[in-house]
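Chemist: pasted the sequence and its predicted model underneath.
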Amino acid sequence: MGSRLHVVNEEKEFSSQLSPQLGEWGLSNAGFNYNVVSVFGSQSTGKSTLLNRLFGTTFDVMNESQRRQTTKGIWMCKAKEIPLLVMDVEGTDGRERGEDQDFERKSALFSLAASSVLLINMWEHQVGLYQGANMGLLKTVMEVNFSMFIANSQASFPESKPPKTLLLFVIRDHIGTTPLDNLRSTLTNDIENIWNSVSKPEGLAKADLSDYFDLGFVTLPHKLLQPDEFDHQTSTIRNDYFTKSTSGNYILKPEYHRQIPADGLSHYLQTIWDKVQNNKDLDVPTQQELLAQYRCDEIAAEALKVFHSRLIAVRKPVEVGKFVPELGKVMRDSKKEALDMFDSTAFRYTKTVYEKKREELTETISTTLSPLYINQVKNLHKKAIDSYKKELHARLKSDSYDFSNVVKESSIHHLQTFIDQAKEITLAGTDWSYIETLEQLKVDIDTVSADCRSDELIKLLNQLERSIQKDAGEFVEVSLNNPDAEMWDKVLDRFNALIERSKTSYVTKAKRLNSTDQEIKATTGSLLRRAWISLRNKIEEQCSESILLFRLRTIFEDKFRYDDKGIPRVWRPTDDIEAIYADAREYTLQLLKLYRNIKPQDINNLFTYPQLDDSVLDIIKVSDLEESYNYEESLQVLGEAKEAQLAGRFKKDADAIYVEAKRSVVSSISKIPLWFYVALLILGWNELWAVLSNPLYLTLSILGLVTAYFVYTLNLGGPISTILMTVGKEVNRIIVDKMINIQNEARNAANGAATPEASSDVNKNAAAS
Ligand SMILES: Nc1nc2c(ncn2[C@@H]2O[C@H](COP(=O)(O)OP(=O)(O)OP(=O)(O)O)[C@@H](O)[C@H]2O)c(=O)[nH]1
């Protein structure tokens, strides 16, 4: 607390340390709960001594032996235990500054702008003397008071009066011979005279001194001659005038306060000094307003900084399309926190400025939050649509549902949820609106419902188409495998019945999906077209070349190889194979003609479907195949060329079967006649009897017959002959080798003395041969 600050130094420069110093003194957040006191008086009149005694400050006191000026510029120190800033101003008539009277005036202006109390320090013997009693300085103070506080007061302080200043005269070395009352009256008289001589602004010519200044007078005994009394008196003044607010003499009254909040004091004094220093008009109310603007901006900036930091966590997710449930709370809390922070300090500044700046801050906050709101509303919209889709699909999966009810319930629920959540993030006092998005959501929900219904219809159509395909596949195959004149009647009859069932089922389900009659009509038409295409595909499949050829061949064989009773024919030479063959072939070729066209006997069985037109295409999408399908063309199954080709191939197959039949007759004719066996028995009777009567021959014969039987029945003829052939070859090879060896040995024996080489050559030649 003992530290002091050279607020304005000898070079008339304002200190940059005032703001931190105020913080050190614990006054930054004091608001209006502080005061400023300045002391004026001639040089070396004990001003610093007085301040140190009164307020416990640490201003330099002149060294008795040197008698040199100690206070240069303006010093500031905080009073001990009182929220009071004390300014020690360089003494008037400063000898060191010589003719620089300008500083006096500047310091007076500066002190008056900040201080609620001006202490005028003077010796008792100076009372009544114009120069010594600083009367010149007082005149300056009174004059500048007008220009500083009053000139624009109507503009700046429309409701309030300009602040008053207390001039407290401290009469030093008061011996007591002249009572204080006399001194007071002399000084009051002098001051009144000065007041009267001061040129006053227009309209204030008759203004009273007491409207702007209060006067106070205290005396102090000689410090050196009456030290105890001096101490006692300074202590009394400190308590009564500056400490005890309940005391009758207490002078730190609110009416003297300059209404500069402590947090803005540094900037305010700096500006004041700059104006004073540059000899510019010093209009305190304007300065206060400027200060208010400056400080309110500063406070708002600090509040906004904190405000932005609160939004970091939610900003990104909201921007990337994520729904942030706590956004409403975060926005409300951060806005309130910022405004509270602003209010807590800024409310002390000029009301109009404060209110305007608060409005600006509110606007900035709203502008910052607005994109978050807009994004969050978009996210809500997306969330509502996604959730609506999911719910709709889930509910439509259940076996029994009423589409219109499901849509109604679900859409009301989602719209209400959207409204509730959008309301929750709509901050009071803003013109934010979610109505446009709500309207869009309604449209989108309707679109989703329509899409969903359309999907369900398509799903239904697909299911029925598959079911028709399966059922049609079975009866088409059965009917086409047994061709007769009523083949197509059977197919179409079954198909019509199937379509009738499917149509009834479809219409029932489509009505549950809330489809309109038009939609049902259009989609039923599509179902019929698709069903016909499926049937036609199945017919195509069953009339493919291979299947049809196989079928013709089967029909032919049935007719050719089996008689009318269905018994297989064993061809005899007496049979008229050619006629049977021609008959069967003609019969089959006639049946082939049935496959040419889908042509029922009963014309009523002919299936038709509604044609596609634009009104249908407006309602449903159809495949290209369905759109371009030609019903008339689809009635033709086999083209002429294909039929001729099939007939040709069939004839070849039939011919082959015919030739086979013919061959079987020829082979049966070429068998050994019976009489040959009778002749053989008569001629070979003796040999047969010889075998039968001899047990050995009989046994061998039976064994031979049994073996032959098994070889024949098990079809072992081939393998056995292969084995026998192989064995024969092997035996042949061994015999040849043996014979060569024997020949070589015989030749060696005949030659006698043949050489080993010659012998070897012979062997090689023999081997080679
Ligand atoms: N006669 C007398 N002398 C005093 C009194 N108080 C202080 N002094 C002396 O006056 C001299 C100047 O005291 P300062 O307190 O330095 O006076 P100042 O007005 O602050 O001086 P500057 O800052 O240089 O203008 C010192 O030598 C003090 O001892 C007093 O009440 N009576």
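Modeler: Thanks, I have it. In this text, all values refer to a predicted model and were calculated from it rather than measured experimentally.
Chemist: for residue 118, what are phi and psi?
Modeler: Per-residue torsions, residue 118: phi -110, psi 120 (degrees, to the nearest 10).
Chemist: can you tell me the SS state at the closest residue to the ligand within the stretch 301-450 of the chain?
Modeler: Ranked by Cβ to the nearest ligand atom, the top residue of the stretch 301-450 of the chain for proximity to the ligand is residue 348, at 33.4 Å. Glycine gets a C-beta too; all of them are placed from N, C-alpha and C. For residue 348, the assignment made with DSSP: H, G, I helix; E, B strand; the rest coil gives coil.
Chemist: relative to residue 730, how far out is it?
Modeler: 131 Å (Cβ to Cβ, to the nearest Å).
Chemist: show me which of those two is the more surrounded one.
Modeler: Legend: neighbour count by other Cβ atoms under 10 Å for residue 348 and residue 730, higher for residue 348 (18 against 10).
Chemist: now that one. Nearest residue, chain neighbours left out?
Modeler: Nearest non-adjacent residue to residue 348, counting by Cβ to Cβ, 6 or more residues apart in numbering: residue 261, 3.9 Å away.
Chemist: over to residue 477?
Modeler: Among residues not flanking residue 477 along the chain, residue 542 sits closest, at 5.8 Å (Cβ to Cβ, 6+ apart).
Chemist: ok, the one you found - contacts?
Modeler: Applying Cβ atoms under 8 Å, 6 or more residues apart in numbering to residue 542 gives the contacts 476, 477, 480, 548.
Chemist: and for the second one, the neighbour number?
Modeler: The number of residues packed near residue 477 is 15, by other Cβ under 10 Å.
Chemist: likewise the last one?
Modeler: By the measure other Cβ under 10 Å, the count of residues near residue 548 is 22.
Chemist: check contacts around it.
Modeler: 542, 592, 595, 646.
Chemist: in a markdown table, list those along with distance to residue 713 and pLDDT.
Modeler: Shown next, in a markdown table, are the contacts of residue 548 (distance: Cβ to Cβ, whole Å; pLDDT from 0 to 100):
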| residue | distance to residue 713 | pLDDT |
| --- | --- | --- |
| 542 | 43 | 91 |
| 592 | 43 | 90 |
| 595 | 46 | 92 |
| 646 | 43 | 91 |
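Chemist: out of these, which is nearest to residue 326?
Modeler: Residue 326 has its nearest neighbour among the contacts of residue 548 in residue 542, at 67.1 Å by Cβ to Cβ.
Chemist: now do the same contact list for residue 27.
Modeler: 34, 78, 83, 85, 262, 265.
Chemist: compare the residues you listed and tell me which is most surrounded.
Modeler: The contacts of residue 27, ranked by neighbours (other Cβ under 10 Å): first place residue 85, 29 neighbours.
Chemist: for the ligand, what's its nearest residue on the stretch 601-750 of the chain.
Modeler: Of all residues in the stretch 601-750 of the chain, residue 621 sits closest to the ligand, at 100.5 Å by Cβ to the nearest ligand atom.
Chemist: repeat that for the stretch 151-300 of the chain.
Modeler: For the stretch 151-300 of the chain, Cβ to the nearest ligand atom, closest residue to the ligand: residue 223, 3.2 Å.
Chemist: helix/strand/coil for the residue nearest to the spatial centre of the chain?
Modeler: The centroid of the chain falls nearest to residue 321 when counting by Cα atoms, centre = their mean (3.1 Å). Here residue 321 is coil, with the state taken from three-state DSSP.
Chemist: contacting residues for the closest residue to it other than its chain neighbours?
Modeler: Distance criterion Cβ to Cβ, 6+ apart; nearest residue to residue 321, sequence neighbours excluded, is residue 379 at 5.8 Å. By Cβ under 8 Å, 6+ apart, the contact set of residue 379 is 318, 321, 322, 323, 324.
Chemist: distance check, residue 379 against residue 563.
Modeler: From residue 379 to residue 563 the distance is 85 Å (Cβ to Cβ).
Chemist: and for residue 412?
Modeler: 79 Å.
Chemist: kindly report the same for residue 276.
Modeler: 141 Å.
Chemist: the more surrounded of those two?
Modeler: residue 276 (21 against 10).
Chemist: just the element for that one, please.
Modeler: helix 262-277 (DSSP states H and E).
Chemist: ok, residue 554 next?
Modeler: helix 545-561.
Chemist: can you list contacts of the helix or strand following that helix?
Modeler: Remark: after helix 545-561, the chain's next helix or strand is helix 577-594, criterion DSSP H and E. If you take Cβ under 8 Å, 6+ apart as the criterion, helix 577-594 is touched by 483-485, 487-488, 548, 552, 555-556, 559-560, 569, 571, 643, 646-647, 650-651, 654, 658, 661-662, 665.
Chemist: would you mark the buried spots in helix 577-594?
Modeler: 577, 580, 581, 584, 585, 588, 589, 591, 592, 594 (16 or more other Cβ atoms under 10 Å).
Chemist: how about that helix as PDB, C-alpha atoms only?
Modeler: C-alpha atoms of helix 577-594 as PDB (Å, rounded to 0.1, in the frame of the first residue of the first chain):
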ATOM      1  CA  ILE A 577     -44.000-100.100 -89.600                       C
ATOM      2  CA  GLU A 578     -44.100 -97.600 -92.300                       C
ATOM      3  CA  ALA A 579     -47.800 -96.800 -91.800                       C
ATOM      4  CA  ILE A 580     -47.400 -96.600 -88.000                       C
ATOM      5  CA  TYR A 581     -44.400 -94.300 -88.400                       C
ATOM      6  CA  ALA A 582     -46.100 -92.000 -90.900                       C
ATOM      7  CA  ASP A 583     -49.100 -91.900 -88.600                       C
ATOM      8  CA  ALA A 584     -47.100 -91.000 -85.500                       C
ATOM      9  CA  ARG A 585     -45.000 -88.500 -87.400                       C
ATOM     10  CA  GLU A 586     -48.000 -86.700 -88.800                       C
ATOM     11  CA  TYR A 587     -49.700 -86.700 -85.500                       C
ATOM     12  CA  THR A 588     -46.700 -85.100 -83.800                       C
ATOM     13  CA  LEU A 589     -46.300 -82.500 -86.600                       C
ATOM     14  CA  GLN A 590     -49.900 -81.600 -86.100                       C
ATOM     15  CA  LEU A 591     -49.300 -81.000 -82.400                       C
ATOM     16  CA  LEU A 592     -46.300 -78.800 -83.200                       C
ATOM     17  CA  LYS A 593     -48.700 -76.400 -85.000                       C
ATOM     18  CA  LEU A 594     -50.500 -75.900 -81.700                       C
END
